[in-house]
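>>> Compute the structure for the input listed below.
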Amino acid sequence: MSEASGTGRIVIDGGTVVTPTETIAGGRVRIDGEHITGVEPIGDDTDFEPVGERVDASEKVVLPGLIDLHGDDVERYLFPRSGERVDPLTALTASDRLTLAAGVTTKFDAIAFEDAPEKNRSIEGATEVLDAIENSASLVADHRVHARCELTDPASVERVGTLADRSSVDIVSLMAHVPGRGQFEDDDAFASRYTDGRGAVADQAASAGRTVGSIPESTVRARATALAAAVDGTDVVLASHDDPDAAAVDRALDNGVELCEYPLTLEAAERASTRGVATAMGAPNLVRGGSLWGNLDTLEAIDAGAVDVLCSDYRPHSLLESVFADTGEPLQRRVARVTSEPARVAGLTERGRLAPGSRADIVVVDPTDVPTVTRAFVAGEEVYRCE
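Here you go, the predicted model:
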């Protein structure tokens, strides 16, 4: 994990600065070391204390570094083509640089701990990725782990239950991908989802679907309760995944879930909101204009006031695109879903906002055409530039 530290005083001048409460046209952000020391409009008096560097952000938008609570794109770098597996550090390094280019400075790598060859997944391989995140000094963004537990796999439940004391594991999510339940209407839908050209083939996926489909719902629920008990009392955030209805949300929350990811229906999203638990939806869903699988439309959930956080899921740049998607809301509200709100959920109190005292994770964005990051800072250190 990168331990970037600020190198001096920097002033970012002239951009549209988005704070937690307002948008400042022609604003200034001051950095000293690892932290932000000031955020204000540029006044008539342009004299200010000498700085190590002045960044001209004219005609650009200045945002807090984005915080992605669920990004599983590293799988695509691990298995770029059927039959090829790249070593974890190489895959993470590729993901890391593209993560920064997408404006994400804090990344929760969503790692699936399950033995499922049809999905190119194994518990051993997931553990190798986890070890690489904890031991690498070459990653520039702040990488943390979102451990995905597949409740249909008893080995997954056992392994994830041991991860709460790992330094990088901050989120554990409960999921059960089963044909005929949740997002998969039937065996064909399940097989289609996991036949992806990177190793999975239709007959493997169909066979796996039949196997997990035979597991009683009562067994899946008992495993969820057992895993929730294993992480209870730790700092790990427990999440549920693909809740289909209000009853499923109630069961999850009764187990101690603090984050509902990708609810499948508006009923589920609104129940989580009513009970005061954060709801996360997919940014690709929003920028595309709907779910690939016919599930809840992110914009519909936003219109209902039932979305707190957006995640990149499998497409990192979608998080930045979501900031500029027209939802009928003020810019600072759209920014909050990918900065201060995920910071709040994850307990990262110093991140996600342009305000004095906050950690200086900042991105400068050219909003024309496709939103593009031109500069990125992690803990006050410039780590990315493309102008």
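
>>> If you tally nearby residues, what's the number for Pro41?
11 (other Cβ atoms under 10 Å). All C-beta atoms are positioned from the backbone trio N, CA, C, and that covers glycine.

>>> my bad, should have said Thr90
12.

>>> With Gly305 instead?
10.

>>> How about the contacts made by it?
Ser273 (Cβ atoms under 8 Å, 6 or more residues apart in numbering).

>>> And the pLDDT at it?
Among the per-residue scores, Gly305 holds a pLDDT of 98.

>>> ditto for Gly26
Reading off the model, Gly26 has pLDDT 95.

>>> Now it. Nearest residue, chain neighbours left out?
Once flanking residues are discounted, Gly26 sits nearest to Ile42: 5.2 Å by Cβ to Cβ, 6 or more residues apart in numbering.

>>> Confirm for me that that neighbour is in contact with Asp13.
Yes. Contact criterion Cβ atoms under 8 Å: Ile42 and Asp13 qualify, at 6.4 Å.

>>> More neighbours: which of those two?
Each of Ile42 and Asp13 has its neighbours counted (other Cβ under 10 Å); Asp13 has more, 20 against 17.

>>> And that one, how close does it get to Ala379?
Distance from Asp13 to Ala379, counting by Cβ to Cβ, to the nearest Å: 20 Å.

>>> Over to Ile36. Which of the three states is it?
Three-state call for Ile36 (DSSP: H, G, I helix; E, B strand; the rest coil): strand.

>>> Contact partners for it?
Contacts of Ile36 by Cβ under 8 Å, 6+ apart are Val29, Arg30, Leu354, Ala355, Pro356, Gly357, Ser358, Arg359, Ala360, Ile362.

>>> What segments of the stretch 201-350 of the chain are helices?
202-213, 217-231, 246-254, 266-274, 283-288, 298-303, 317-323, 331-336, 340-346 (DSSP state H, counting those that start in this stretch).

>>> mean pLDDT lowest for which of those?
helix 202-213 (a mean of 54).

>>> host element of Asp13?
Assessed by DSSP states H and E, Asp13 sits inside strand 9-18.

>>> Which parts of the helix or strand following that strand count as buried, going by neighbours?
Of the helices and strands lying after strand 9-18 in sequence (DSSP H and E), the nearest is strand 23-32. Within strand 23-32, the residues scored as buried using 16 or more other Cβ atoms under 10 Å are Ile24, Gly27, Arg28, Val29, Arg30, Ile31, Asp32.

>>> Look up how far Ala336 lies from the first one.
As for Ile24, its distance to Ala336 is 16 Å (criterion: Cβ to Cβ).

>>> Okay, now the unreliable bits of the protein?
Applying pLDDT under 70 to the chain flags the ranges 1-7, 44-51, 177-214.

>>> domain ranges for it?
9-64+352-385, 66-346 (automatic domain parsing).

>>> Mind listing the shared neighbours of Ile42 and Asp13?
Joint contacts of Ile42 and Asp13 (Cβ under 8 Å, 6+ apart) are Arg28.

>>> Adding distance to Ala272 and secondary structure, write the contacts of Ile36 out as CSV.
Formatted as CSV, the contacts of Ile36 follow (distance: Cβ to Cβ, whole Å; DSSP: H, G, I helix; E, B strand; the rest coil):
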residue, distance to Ala272, secondary structure
Val29, 34, strand
Arg30, 38, strand
Leu354, 28, coil
Ala355, 28, coil
Pro356, 33, coil
Gly357, 31, coil
Ser358, 28, coil
Arg359, 29, strand
Ala360, 33, coil
Ile362, 31, strand
